[in-house]
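**Q** I'll drop the sequence and a predicted model, then ask my questions.
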Amino acid sequence: MPKKFNENEKQWIRKKLFEEGKRRFESVGLKKTSVEDLTKASGIAQGSFYMFYGSKEELLYHILLEEEAAIRNQILATVKEISTVTKEDIKQFLLEALRLLDENPLIRQMYLDGEFAQLVRKLPPELLKRNFSEDTDALMPVIHSWQAAGILVHTRPELIVSLIRSLVLLTLHKPEIGTDIYNDTLSFLLDLISEGMVAKRD
């Protein structure tokens, strides 16, 4: 029977699981990380792990949420004053988002060897919905303000969020697109997208 922990112990164990999970998921990935690896580093029995998370995939998901939140905050901090936003600013905003995601070692590792697909398969649907909701909630104020200022086209804001998520998924297919032409292709695509996103003025 798993040991009972007081609140201080629970906080410490959760912190250790986060730290060890992040370290191992970044270095060897999801498939090569076992619950035993995580619990040994945290000084708890294997069975006690499930007092905190339903699976190693669920732990990874919560770590990813923190990583993505940090990236979103970093991206949103670069948003310019409403009156100065141009088509080039929108393109650079999207490029910066993709760059930060691509340079994050944990997120990059998840997109190797089909590990992202494994994560999605193992997670409950309500957790996946939470990820989408957090992206939407973070971007909506920017989209609404740019639309109100006449900068962005007045299409459904949810579609703009979905478009940005689609660009992230596109980065998973760099080898199929061709690594030698990928950056130029992405730049050209973002030119077209940013052109289409800017509201036309009479």
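**A** Thanks, I have the structure now.

**Q** any idea how far the residue most central in space within the chain is from Leu94?
**A** What sits nearest the mean C-alpha location of the chain, by Cα atoms, centre = their mean, is Glu68, with 3.9 Å. Distance, Glu68 to Leu94, by Cβ to Cβ, to the nearest Å: 16 Å. Just so you know, the C-beta spots here come from the backbone N, C-alpha and C atoms, and that holds for glycine as well.

**Q** that older thread, secondary structure element holding the residue nearest to the centre of the chain?
**A** According to DSSP states H and E, Glu68 maps onto helix 56-76.

**Q** which residues sit against that helix?
**A** In this structure, residues lying in contact with helix 56-76 by Cβ atoms under 8 Å, 6 or more residues apart in numbering are 17-18, 21-22, 25, 30, 33-35, 38, 52-53, 93, 96-97, 100-101, 104, 106-107, 110, 118-119, 122-123, 127, 130-131, 134-135, 138-139, 142.

**Q** Kindly provide the whole-number mean pLDDT of it.
**A** Averaging pLDDT along helix 56-76 gives 89.

**Q** for the helix or strand just after that helix, which positions count as buried?
**A** Using DSSP H and E, the next helix or strand after helix 56-76 towards the C-terminus is helix 87-103. When burial is assessed from 16 or more other Cβ atoms under 10 Å, helix 87-103 yields the following buried residues: 89-95, 97-98, 100-101.
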